[in-house]
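# model the following, please.
(one chain, ligands or ions: 1)
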Amino acid sequence: MEAKAPSESRTTLTDLVLPSETNPLNNLFGGELLARMDRAASIAARRHSRRIVVTASVNHVAFNKAIPLGSVVTVEAAVSRAFKSSMEIYIDVWVEDRESGRRTKANEAIYTFVAVDETGTPIQIPALEPESEIEKQRFEAALRRKQLSLVLAGKMKPAEATELKALFEE
Ligand SMILES: CC(C)(COP(=O)(O)OP(=O)(O)OC[C@H]1O[C@@H](n2cnc3c(N)ncnc32)[C@H](O)[C@@H]1OP(=O)(O)O)[C@@H](O)C(=O)NCCC(=O)NCCS
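A predicted model of the protein is given here:
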């Protein structure tokens, strides 16, 4: 299986914030943003693996900035590392200024997707070869995040999380 670049899975979804998607402060609901990010991440995972993909975990979400009603929101997702059957997807959320058109980063998130066959069994996927500096940084840190996610899910013993242990030994 040939390795792929993050650009081959990059997925961009741009949409407005409508009144039905806001909270009483007229800002975008967190759940609505999670759904948009899940959709973009799912497309990115499918583009990388060309398989059926399922969300295995949401590893990290930071709601750093509120997104007001009427905003133009862009969700950008790409595979940041591929393991055997699982992929880490890094998602950046941007809000566009109405007058200048300048985009500012509002939020980010990291999801894990798993490629499965028709019976739901995890299946091998292509490797990922990062190209840009930021892609390399995200790739490097992904194994640590995978181990943390597995430890928190009770699927890995803390003693086996070598990358996490190395963090505390530095
Ligand atoms: C995701 C799912 C396929 C994993 O099944 P599983 O029996 O745990 O399979 P495995 O233990 O072989 O794990 C498969 C891969 O997922 C990874 N994985 C599983 N749980 C994980 C977690 N919480 N965090 C990070 N990675 C995880 C494993 O490390 C493994 O990765 P690798 O093959 O790249 O090394 C299974 O739990 C599932 O189908 N869940 C429901 C998914 C779903 O319906 N999502 C929509 C939300 S309702």
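
# neighbours of Ala40, how many?
By other Cβ atoms under 10 Å, the residues close to Ala40 number 25. (Each C-beta comes from the backbone N, C-alpha and C, glycine too.)

# what sits against it?
By Cβ atoms under 8 Å, 6 or more residues apart in numbering, the contact list for Ala40 reads Thr11, Thr12, Leu13, Val75, Glu76, Ala77, Ile91.

# so which of these are also by the ligand?
By Cβ under 6 Å from any ligand atom, no member of the contacts of Ala40 lies near the ligand.

# looking at those, which has the most residues close by?
Using other Cβ under 10 Å as the neighbour test, those are led by Ala77, with 29 neighbours.

# what residues are up against it?
Taking Cβ under 8 Å, 6+ apart, we find Ala77 in contact with 9-11, 37, 40-41, 43-44, 89-92, 111.

# for Pro68, same thing?
Val17, Asn26, Asn27, Leu28.

# which residue comes closest to the second one once chain neighbours are left out?
Sequence neighbours aside, Leu69 is the residue nearest to Asn26 in space, at 4.5 Å (criterion: Cβ to Cβ, 6 or more residues apart in numbering).

# tell me the helix or strand right after the top strand by length along the chain.
Ordering each strand of the chain by length in residues (DSSP state E) puts strand 103-116 first. Moving toward the C-terminus from strand 103-116, the next helix or strand (DSSP states H and E) is helix 133-152.

# what does that next one rub up against?
Applying Cβ under 8 Å, 6+ apart, the external contacts of helix 133-152 come out as 6, 57, 59-60, 78, 80-81, 83, 86, 88, 90, 110, 112, 128, 130, 156-158, 160-164, 167.

# so where's this protein uncertain?
170 (pLDDT under 70).

# close to the ligand: what parts of it are there?
54-57, 83-86, 112, 114, 116, 120, 122, 146, 149-150, 153, 155.

# give me the buried subset of those.
Buried by 16 or more other Cβ atoms under 10 Å: Ala56, Ser57, Phe83, Ser85, Ser86, Thr112, Val114, Val116, Lys146, Ser149, Leu150, out of the residues of the chain next to the ligand.

# closest one to Thr22 out of those, please.
Nearest to Thr22 among those, counting by Cβ to Cβ, is Ser57 at 27.3 Å.

# wouldn't the closest one be in contact with Ile110 here?
No. Using Cβ atoms under 8 Å as the test, Ser57 is too far from Ile110 to be in contact (9.2 Å).

# so how far is the first residue of stretch 124-144 from its last?
20 Å (Cα to Cα, to the nearest Å).

# what comes up buried for that stretch?
So for stretch 124-144, counting by 16+ other Cβ under 10 Å, buried means Ile125, Pro126, Leu128, Pro130, Glu135, Arg138, Phe139, Ala141, Ala142, Leu143.
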